[in-house]
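Participant: no FASTA, just this:
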């Protein structure tokens, strides 16, 4: 019992109290008055309440008498403190902010020696992400420079600018997976959010500050840790300026303008434990100057804008390029410029705050084959592990892997198509194998993938017979 009380006291020391009335933190409002059922009220609100009660000429006794005579009085209810106590007991830290550590001007937030070098970051990414060599190199250098900037900002007079990134690549090329892997390797809080739900302040949808609120939640409401995290905003191309529309654009250019200060670095009022600000949610201040923003998007039809620019270079004469010269170029996105993205619908001020722009290549057949089998958590390794639990060995012929890659290319959804194809032909195998305990090995062939045959199945008795023959051959003089 005493240990539980000590643990609770230790937890309370880590978190700040928040006023139940004005929702200000202890850091802003000062020392709190603690009431029963874990309710805290700041001194200002408590004094204001007493002043209102003393200066008011209201006849409280008459009012309470009248309320008792009116049956089922609508829209008036007294606060039930027991209900509030239940909420604070079930989610004690849901709307609390961790206390900031006292700042020491000489001590950096991060140690430079603990930051892995770019080649080490890329080597770790190589274990999980196939291909995309240029993208992995760019993101490794950018992240290394960013955390060097965070570590040295209190050690030198020279101020280094932020290295926010814009990642462009077709669907299924590994944009989100690359960022997830990076955050796991660096052990920093990561928030992945979708730009499609963001709207201008005052409209239905998520406010722009909600992206920082998600990062704060990922950092366990620790403001200091959240201020050195990574925010990945996916589907950033969906907030491009809408063309040929007479309606108010509440989720396009206005969202880009609202994100300018966020990307550059400013102090933002962030709701705790919610996506939008309202009267019942406490707020805290988060400084975004040390938060690394990575924006990613597929940017459909951007190839047409690039193609139009390239074809204008020489459109007439004997040395003119053919109009269909770039039609079958798989890496046309790598020729993108800032002007192309601006024509797509992104405003120049927004692009100016994303200095590092790089592209991801569309996955080829060879890359898809490697995605199937090479990474640490490859899809085939997952299925092999599942069947290994049933004491069955799963094998794939090289022709079968190529057939899966060819089918995935037809779907034009990148690596996402691989899972759907494998789920389809593995369904019957996963259903039938547990029926027979004598099955030892299953080999997937190209004929089975193309629905022209069946997988090769070897029984345990056959395998044992082969092993016995080998042992007998070795035993003979």
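Facilitator: Thanks, I have the structure now. Keep in mind that what you see is a predicted model, and the values were worked out from it rather than measured.

Participant: list the contacts for the residue nearest the centre of the chain?
Facilitator: With distances taken as Cα atoms, centre = their mean, residue 192 lies nearest the centre of the chain, 1.9 Å away. Contacts for residue 192 (Cβ atoms under 8 Å, 6 or more residues apart in numbering) come out as 176, 179-180, 214, 232, 234. Every residue, glycine included, has its C-beta placed from N, CA and C.

Participant: quick one: which of the residues you listed is nearest residue 34?
Facilitator: Residue 34 lies nearest to residue 214 out of those, by Cβ to Cβ, at 30.6 Å.

Participant: how about that closest one, what does it touch?
Facilitator: With Cβ under 8 Å, 6+ apart, residue 214 has these contacts: 191-193, 231, 275.

Participant: picking that back up, please identify which helix or strand holds the residue nearest to the centre of the chain.
Facilitator: strand 190-194 (DSSP states H and E).

Participant: Where does pLDDT dip in the stretch 51-200 of the chain?
Facilitator: Under the criterion pLDDT under 70, the flagged ranges of the stretch 51-200 of the chain are 53, 55-113, 153-157.

Participant: can you map out the helices along it?
Facilitator: For the stretch 51-200 of the chain, helices defined by DSSP state H, counting those that start in this stretch occupy the ranges 60-69, 81-90, 118-126, 133-152, 175-186.

Participant: And the last one, what's buried?
Facilitator: For helix 175-186, the buried set under the neighbour-count rule, 16 or more other Cβ atoms under 10 Å, comprises 175, 178-179, 181-183, 185-186.

Participant: what's the closest of the residues you listed to residue 152?
Facilitator: Nearest member of those to residue 152, counting by Cβ to Cβ, is residue 186, at 17.3 Å.

Participant: And that closest one, how far from residue 142?
Facilitator: Counting by Cβ to Cβ, to the nearest Å, the gap from residue 186 to residue 142 is 12 Å.

Participant: what's the answer for residue 195, then?
Facilitator: 20 Å.

Participant: of those two, who's got more company?
Facilitator: Just comparing residue 195 and residue 142: by other Cβ atoms under 10 Å the higher neighbour count belongs to residue 195, 23 against 20.

Participant: Roughly how far does that one sit from residue 284?
Facilitator: In terms of Cβ to Cβ, residue 195 sits 24 Å off from residue 284.

Participant: Relative to the whole chain's centre, how far out is the strand holding residue 192?
Facilitator: Computed by Cα atoms, centre = their mean, to the nearest Å, the chain-centroid distance of strand 190-194 equals 3 Å.

Participant: Now the element after it, going C-ward?
Facilitator: Per DSSP H and E, the first helix or strand lying C-terminal to strand 190-194 is helix 210-218.

Participant: and whichever helix or strand comes after that next one, what does it pack onto?
Facilitator: Proceeding N to C from helix 210-218, the next assigned helix or strand is helix 223-226, under DSSP H and E. Packing partners of helix 223-226 (3 or more Cβ pairs under 8 Å, 6 or more residues apart in numbering; DSSP states H and E): strand 97-98, helix 210-218, strand 283-287.
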